[in-house]
Structures are given as C-alpha cells and as structure tokens.
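> Mind looking at a prediction? Sequence and model below.
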Amino acid sequence: MDPKSSDVDTIEPEVMDASCPDLSSSCGKRKAETISPDEGCEEEERDSESDDQVWGFDSFEGSDYESPDEPPEDEEELEFRRYARHYHESQGFKVDKDKFPKHLTHGLRGLDLDAIFFKPNVTGREYMAIMANVAIAKYNQVENKTVTLDHIVRVVVQLGYGIKAYITFMAKESPHGELVEYQAKAERKAWQRNIHPIFCRPAPS
C-alpha cells in the first residue's frame, strides 16, 4: 500500500473561515503586535491551555468502552454504541466512514485531507501538517529528539468548539533514518489563539 494514502474513508468537513489558519506565522505575529496593554490579560487568557490540553494527557488511556447492560432503545442507540466501540479501539486515531452514525452532527470523524479546510485555499493536509509540527516540536523539546514530519497519513477530527485532531503521520527520527509511523494529538479551541500540543508518540505496533 502507498504509505502516503489513507485506508480510511473520510467525510469532507464544512469549510472553516479563518483569515490566518497558521497561528504561528507572521500573520499571527502581526496580530500580537497590535494588542494594546489593556488587552494583554484577555489575550493571555485566550492563549492559555485548558486542563484537558496538558502535555502528555491521553483521554483514552485506561478507558475501554463497555456497552451498557440494558439493551439499546432503538437503532440509533445501537449505531452509536458500535461507533463508540470502534473509535475506542484505535484511541481516536481511526474512524471508518461507515461507522459514523448518520444522526450525529459532531463527533470523531475522518478528515478529507485534500478538501479545503480553511478559506480561501488551505487544505486539510496543509493545516494538519501545521498541527502535527506543533506537537512534534514539543515532543522533541521534552524528549530531546530530532523527529521530523515526512507526510500525513490520516486524520480524525472533532469539530464544534474548535479543532481537536488525532493525526497519524510518517516521520524520520534522524536525517537518514527509516520512516516511522507516529501519532499526535493537538487542539485549538474556538477562543484560543494558538494550537496546543497534547501528545506525540510512535504509533503502537
């Protein structure tokens, strides 16, 4: 299989409107330069991490899905239970298109990497590379590593009050090393200026 392809069917997201999708770019810096002293506290709050964004926190760790003892009330509940079990099995990093319940409007779903994600022309692949690199930079700093992103394989996102991304990617651990599959989780809530890395790690074998 081509390592650059994804084996997960994806759902094209609603295109998001943002004038500066790369918050670490010069656009973000120009915004920061125009902040007045009175706005400092507000901007600091917008940039602070939430409790669930602490580095190294994996919300799926030690959390196995168990169906309720009582039978499902209807087909929708049965469909949701199957979906919840499915995404727990991969700890959020793989959600097949046919497993996503038709009645859900929000939830973990595969991202179409080649579709426009931010207007006017930023694709999902491009923005997820930005998110992955934020997580990689933190990982390299904490673990004293030199991991570099090669390419994005697939992404599962949860949209609603921001962007939470479960990113599977191929990376090199040294300049001439072999490609290694990695996972990263990063998030930017709707009120936050910056992407917050949550963890980065070699993919479980």
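Alright, I've got the coordinates. Numbering: from 1, shown residues only.

> CA atoms for contacts and neighbours, from now on please.
Fine.

> is it fair to say R81 lies in a helix?
Yes: assignment of R81 by DSSP: H, G, I helix; E, B strand; the rest coil places it within a helix.

> Count the neighbours of it for me.
A count of nearby residues for R81, using other C-alpha atoms under 10 Å, gives 17.

> Walking through this protein, point out its strands one by one.
Assignment of strands within the chain using DSSP state E yields the ranges 16-17, 109-110, 116-119, 122-123, 148-159, 162-172, 179-189, 196-202.

> Out of the ones you listed, flag the one nearest Q53.
Taking C-alpha to C-alpha, strand 196-202 is the member of the strands of the chain nearest to Q53, at 5.4 Å.

> Next, the angle from that closest one to strand 179-189.
Taking axes from the mean of the first three to the mean of the last three C-alpha atoms, to 10 degrees, one finds strand 196-202 and strand 179-189 inclined to each other by 160 degrees.

> Mind listing the residues bridging to the closest residue to G92 other than its chain neighbours?
Spatial nearest neighbour of G92, excluding adjacent residues (C-alpha to C-alpha, 6 or more residues apart in numbering): Y166 at 6.5 Å. Note on Y166: beta-bridge partners V156, K185, judged by DSSP bridges.

> Could you measure from Y166 over to L108?
Distance, Y166 to L108, by C-alpha to C-alpha, to the nearest Å: 9 Å.

> So between the two, which is more surrounded?
Y166 (29 against 22).

> What separation do you get for the more buried one and S174?
Y166 is 23 Å from S174, where distance means C-alpha to C-alpha.

> rewinding a little: relative to I136, which of the strands of the chain is closest?
Counting by C-alpha to C-alpha, I136 lies closest to strand 196-202 out of the strands of the chain; the figure is 6.3 Å.

> pLDDT averaged over the closest one - what is it?
When pLDDT is averaged along strand 196-202, the result is 96.

> okay, that strand in PDB with CA atoms only?
What follows is strand 196-202 as a C-alpha-only set of coordinates in PDB (Å, rounded to 0.1, in the frame of the first residue of the first chain):
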ATOM      1  CA  HIS A 196      -1.900  23.400  21.800                       C
ATOM      2  CA  PRO A 197       0.000  20.200  21.500                       C
ATOM      3  CA  ILE A 198      -1.300  17.400  23.800                       C
ATOM      4  CA  PHE A 199       1.000  14.500  22.900                       C
ATOM      5  CA  CYS A 200       3.200  12.900  20.200                       C
ATOM      6  CA  ARG A 201       4.500   9.400  20.200                       C
ATOM      7  CA  PRO A 202       5.400   6.400  18.000                       C
END
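
> helices or strands up against that strand?
Counting contacts by 3 or more C-alpha pairs under 8 Å, 6 or more residues apart in numbering; DSSP states H and E, strand 196-202 is packed against helix 124-143, strand 179-189.

> Noted, bye for now.
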